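[1] I need the structure of the sequence given here:
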Amino acid sequence: METNNRYQRGWEKLKEIDGEAGERVVESLKDIAPDFARLLIEFPFGDIYSRPVLDLKSREIATVAALTALGNAVPQLKVHIHGALNVGCSEQEVVEVIMQMAVYAGFPAALNGLFAAKEVFAERYETKV
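    Okay, the predicted model is just below:
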């Protein structure tokens, strides 16, 4: 794949999923690690998220589950909870997948994920009012 096409495809996918939140993450890296910002767009979003087999809803559910299970990626989890909601997941679906992680990652990881979801839901509700 040509690098420029990967970047453009990744940038469009990032905006589709994460909107301004994703753009802010990339922008915040430009002064310290611009190459990393480029890689963040090209590989996950240009190469992986753009693959045809899974829809974006399925990819975001998987990402929320993985970030919850990691237990040490709350900022990224919040971005991807927003992303999951942006691509059609309901709040209840997000809560259920986080609760499911208690079985595999433990209650502390699930609790942290639920608190992150609660913050995201509150942020989104505030912007709608």
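
[2] Q8 versus the nearest residue to I61 once chain neighbours are set aside, what's the distance?
    Nearest non-adjacent residue to I61, counting by C-beta to C-beta, 6 or more residues apart in numbering: V97, 5.4 Å away. (C-beta placed from N, C-alpha, C; glycine too.) According to C-beta to C-beta, to the nearest Å, V97 and Q8 sit 31 Å apart.

[3] And E91, by the same measure?
    For E91, the distance to Q8 (C-beta to C-beta) stands at 32 Å.

[4] And this protein, split by domain according to the record?
    Under the assignment automatic domain parsing, the domains of the chain span 1-52, 54-129.

[5] average model confidence for the shortest one?
    So that's domain 1-52. Averaging pLDDT along domain 1-52 yields 89.

[6] need the helices for the protein, in chain order.
    Along the chain, counting by DSSP state H, helices occupy 3-29, 34-40, 56-70, 74-86, 91-105, 107-128.

[7] As JSON lines, the ones you listed with distance to G46 and mean neighbour count would be great.
    Formatted as JSON lines, the helices of the chain follow (distance: least, C-beta to C-beta, whole Å; neighbours: other C-beta atoms under 10 Å):
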{"stretch": "helix 3-29", "distance to G46": "3", "mean neighbour count": "16"}
{"stretch": "helix 34-40", "distance to G46": "10", "mean neighbour count": "14"}
{"stretch": "helix 56-70", "distance to G46": "14", "mean neighbour count": "20"}
{"stretch": "helix 74-86", "distance to G46": "16", "mean neighbour count": "21"}
{"stretch": "helix 91-105", "distance to G46": "25", "mean neighbour count": "17"}
{"stretch": "helix 107-128", "distance to G46": "25", "mean neighbour count": "15"}
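
[8] Can you report phi and psi for the nearest residue to R59 once chain neighbours are set aside?
    Spatial nearest neighbour of R59, chain neighbours left out: Y49 (5.9 Å); criterion: C-beta to C-beta, 6+ apart. Per-residue torsions, Y49: phi -60, psi -20 (degrees, to the nearest 10).

[9] Next up, the contacts around Y49.
    By C-beta atoms under 8 Å, 6 or more residues apart in numbering, the residues touching Y49 are 10, 13, 17, 56, 59.

[10] ok, and the closest non-adjacent residue to Q8?
    Of all residues not flanking Q8 in the chain, G46 sits nearest, at 7.8 Å (C-beta to C-beta, 6+ apart).
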